[in-house]
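Undergrad: Show me the folded form of this:
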Amino acid sequence: MHVLILGGTTEARALAGLLHAADPGLRVTSSLAGRVAAPRLPAGEVRIGGFGGPEGLAAWLREHAVDAVIDATHPFAERISFNAAAAAATAHVPLLALRRPGWVPVDGDDWHEVASLDAAAAALDGLGDRVFLTTGRMGLAAFAGRPEWFLVRSVDAPDAPMPARTEVLLDRGPFTLDGERELIRRHRLGVLVTKDSGGAATAPKLTAAREAGIPVVVVRRPPVPEGVPTAATPEEAAEWVRARARGAGDVTAPGATDTAGTR
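TA: Numbering: from 1, shown residues only. Now for the predicted structure:
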């Protein structure tokens, strides 16, 4: 059995490790987009780069005799998720989406939810003049005209355009609560801007912001393809693969759903 994992996330690496450890004879290929200069590589085979749209991905699935596809990409990798759904349908290959649950505000949070990075930039009016921007290195142009001072955190160095008053912090999660508290204190940060990426690796910044009493601008997740079964954890996704390897037919992993909801 050949499984293609569309990856690049913590969950994708964990899933590849689970499948490789459970059955070394199972062929697992992880596909990375190649946007990070030095990615953390998962167990099994790895390919880096795009497929050339849904048609190219469908052709790759046929050429490499893929038996199942798992979309474990970042929640904001909207295009590849729709491409995966179209390609899997064209190639008649089962598809599962591994989607980490989104974050949910709790008592004490001061969240301002918006639909896009442009809306996040506009929402900064009156919230604070020292911004912790954790939306990654892509899309900084949305903030280029803002007057605030920004601490921009990303794995790789961002490219222009970006805000005129910017300090870049190159770092990779997971992050600790103590570390996030120290960043807020040392840089006198007054507002946090983030995407609703979900997961535990970058969640401590939300707790630190709540403790510091600073507002958080949260970019909501983009739409996802309808009708794709989902799993919330690598373990659920691994069980879906194991069930197919046992010849169980069209099954849904324990705990997985047939809806595309992410909250």
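Undergrad: State the phi and psi torsions of Asp196.
TA: Main-chain torsions, Asp196, degrees, to the nearest 10: phi -80, psi 70.
Undergrad: My error: substitute His64 in the last question.
TA: Main-chain torsions, His64, degrees, to the nearest 10: phi -100, psi 10.
Undergrad: Break down this structure into its helices, ranges please.
TA: Secondary structure of the chain by DSSP state H: the helices cover 10-22, 53-63, 78-91, 117-122, 177-186, 204-212, 234-245.
Undergrad: Minimum distance to Arg146: which of the ones you listed has it?
TA: Of all these, helix 117-122 sits nearest to Arg146, with 5.8 Å by Cβ to Cβ. Glycine gets a C-beta too; all of them are placed from N, C-alpha and C.
Undergrad: In terms of secondary structure, what does the closest one contact?
TA: Packed against helix 117-122, as judged by 3 or more Cβ pairs under 8 Å, 6 or more residues apart in numbering; DSSP states H and E, are the following elements: strand 216-219.
Undergrad: list the contacts for Thr29?
TA: His2, Val3, Leu4, Ile5, Gly44, Glu45, Val46, Arg47, His64, Val66 (Cβ atoms under 8 Å, 6 or more residues apart in numbering).
Undergrad: Might one say that the fourth one is in contact with Ser31?
TA: In this case it means Ile5. Yes: counting by Cβ atoms under 8 Å, Ser31 is a contact partner of Ile5 at 6.9 Å.
Undergrad: The two: which is more packed in?
TA: Neighbours were counted for Ile5 and for Ser31 using other Cβ atoms under 10 Å; Ile5 has more, 32 against 25.
Undergrad: Quickly note the distance from that one to Pro105.
TA: 31 Å (Cβ to Cβ, to the nearest Å).
Undergrad: how about stretch 214-231: buried residues?
TA: 214-222, 224-225, 228-231 (16 or more other Cβ atoms under 10 Å).
Undergrad: tell me the two of these that are most distant?
TA: Ile214 and Pro229 (38.4 Å).
Undergrad: got the contact list for the nearest residue to Ala115 once chain neighbours are set aside?
TA: Once flanking residues are discounted, Ala115 sits nearest to Arg220: 5.7 Å by Cβ to Cβ, 6 or more residues apart in numbering. For Arg220, the contacting residues are Glu113, Val114, Ala115, Asp196, by Cβ under 8 Å, 6+ apart.
Undergrad: Okay, now the unreliable bits of the chain?
TA: Within the chain, the set of residues satisfying pLDDT under 70 comprises 36-38, 248-263.
Undergrad: Identify the spatial nearest neighbour of the residue nearest the centre of it, chain neighbours not counted.
TA: By Cα atoms, centre = their mean, the chain has its centre lying nearest to His74, at 2.2 Å. Nearest residue to His74, sequence neighbours excluded (Cβ to Cβ, 6+ apart): Thr9, at 5.7 Å.
Undergrad: ok so, going back, most neighbours among the contacts of Thr29, which one?
TA: Ile5 (32 neighbours).
Undergrad: rewinding a little: would you agree the residue nearest to His74 is in contact with Ile70?
TA: No: using Cβ under 8 Å, Thr9 makes no contact with Ile70, being 11.0 Å away.
Undergrad: and the contacts of Arg220 as CSV, adding distance to Ala238 and neighbour count?
TA: Conversion of those to CSV gives the following (distance: Cβ to Cβ, whole Å; neighbours: other Cβ atoms under 10 Å):
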residue, distance to Ala238, neighbour count
Glu113, 32, 14
Val114, 35, 17
Ala115, 33, 11
Asp196, 25, 18
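Undergrad: Tell me the one of the residues you listed nearest Pro161?
TA: Pro161 lies nearest to Val114 out of those, by Cβ to Cβ, at 20.2 Å.
Undergrad: In contact with that closest one, which residues?
TA: So Val114 contacts Ala120, Ala122, Ala123, Val217, Val218, Val219, Arg220 (Cβ under 8 Å, 6+ apart).
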